[in-house]
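S.K.: Show me the folded form of this:
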Amino acid sequence: MITGSKGPTKIQSAAQLSFWKDGQDVPDVMTAIMEYPETEEHPKFLLTLRVNFASGAGEKTLIRFIGDAGVITLGSREVNVQFDLLPEAPGIGDWDAITTYPAAMQQAIMNEYNRKYSKDEQKAPEKKTVLFSAPAGEDKHFNHFTHFFNSVRNGTPVFEDATFGFRAAAPCLFCNESYYNNKIMYWDPIQMMRK
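M.R.: Got it, this is the predicted structure:
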């Protein structure tokens with residue numbers, strides 16, 4: 001819904017039964033990777049899902065968008081926009097091979113780098129984190145059910161119709177199939193069919 005995507009085209013997962021060893025054959029820990037192609041609505045991207053039903057930390061649901069300008073984290077009651085902007089100049093030193101060169105060569109490279117890029121171009125721009133919180137007393141589950149029942153009673157349009165639900169559920173079910181069959185699953189999100 002946030003990206004306008006119809007769904008992934010490639011789905012793969014790994015899982016295991018870690019804690020609930022009571023006769024069930026459904027894994028309680030799973031990681032999945034879904035590949036979304038470039039469309040008119042968005043560039044191509046990867047979605048990584050992690051589920052841990054064995055965690056003692058309780059329900060900690062979040063969605064995190066990681067991009068080239070920072071991270072947007074959607075929690076259960078807030079949206080956090082944290083900026084991590086890159087400088088105009090490419091990075092150099094501390095992590096690359098430059099420290100393996102002879103001292104004179106290192107100095108020559110740094111001199112050329114400093115000649116080419118100003119101190120301002122070498123600094124990453126800073127931008128404050130933005131936090132949006134739900135109003136006190138807001139209950140997303142109550143609002144969701146109220147909207148649903150109003151749509152049943154008086155025909156109020158719903159966004160999450162049967163097509164929306166199928167497009168959301170099918171890739172998640174393919175995560176299970178990928179695990180059980182130990183293979184990559186291919187999906188056509190437009191035709192809503194297995195490839």
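S.K.: quick one: the helices in the protein?
M.R.: 103-116, 119-122, 140-154, 162-181 (DSSP state H).
S.K.: Quick one, which of these gets closest to Thr73.
M.R.: helix 140-154 (16.3 Å; C-beta to C-beta). Where C-beta positions appear, they are placed from N, C-alpha and C, glycine not excepted.
S.K.: same for the closest one, what does it pack against?
M.R.: Applying 3 or more C-beta pairs under 8 Å, 6 or more residues apart in numbering; DSSP states H and E, we find helix 140-154 packed against no helix or strand.
S.K.: quick check: mean pLDDT across it?
M.R.: Averaged across helix 140-154, pLDDT comes to 90.
S.K.: With stretch 41-61 instead?
M.R.: Computed over stretch 41-61, the average pLDDT equals 83.
S.K.: So for that stretch, what gets flagged as buried?
M.R.: For stretch 41-61, the neighbour count (16 or more other C-beta atoms under 10 Å) marks Phe45, Leu47, Val51 as buried.
S.K.: Including distance to Pro8, could those residues go into a markdown table?
M.R.: What follows is the buried residues of stretch 41-61, written out as a markdown table (distance: C-beta to C-beta, whole Å):
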| residue | distance to Pro8 |
| --- | --- |
| Phe45 | 9 |
| Leu47 | 7 |
| Val51 | 16 |
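S.K.: Which ones among the residues you listed lie within strands?
M.R.: Per DSSP state E, strands hold the following members of the buried residues of stretch 41-61: Phe45, Leu47, Val51.
S.K.: how does the protein divide into domains?
M.R.: Structural domains annotated on the chain: 1-82+128-147+162-195, 87-123, as defined by automatic domain parsing.
S.K.: Single out the most deeply packed of these.
M.R.: Mean neighbour count (mean count of other C-beta atoms under 10 Å) peaks for domain 1-82+128-147+162-195 among the domains of the chain, with a mean of 13.
S.K.: Now do the end-to-end distance for it.
M.R.: 23 Å (C-alpha to C-alpha, to the nearest Å).
S.K.: now swap in stretch 35-42 and tell me
M.R.: Stretch 35-42: ends 13 Å apart by C-alpha to C-alpha.
S.K.: which residues are contacting it?
M.R.: 3-11, 44-47 (C-beta atoms under 8 Å, 6 or more residues apart in numbering).
S.K.: now do stretch 80-94
M.R.: For stretch 80-94, using C-beta under 8 Å, 6+ apart, the contacting residues are 68-73, 98-99, 109-110, 113, 116-117, 121-132.
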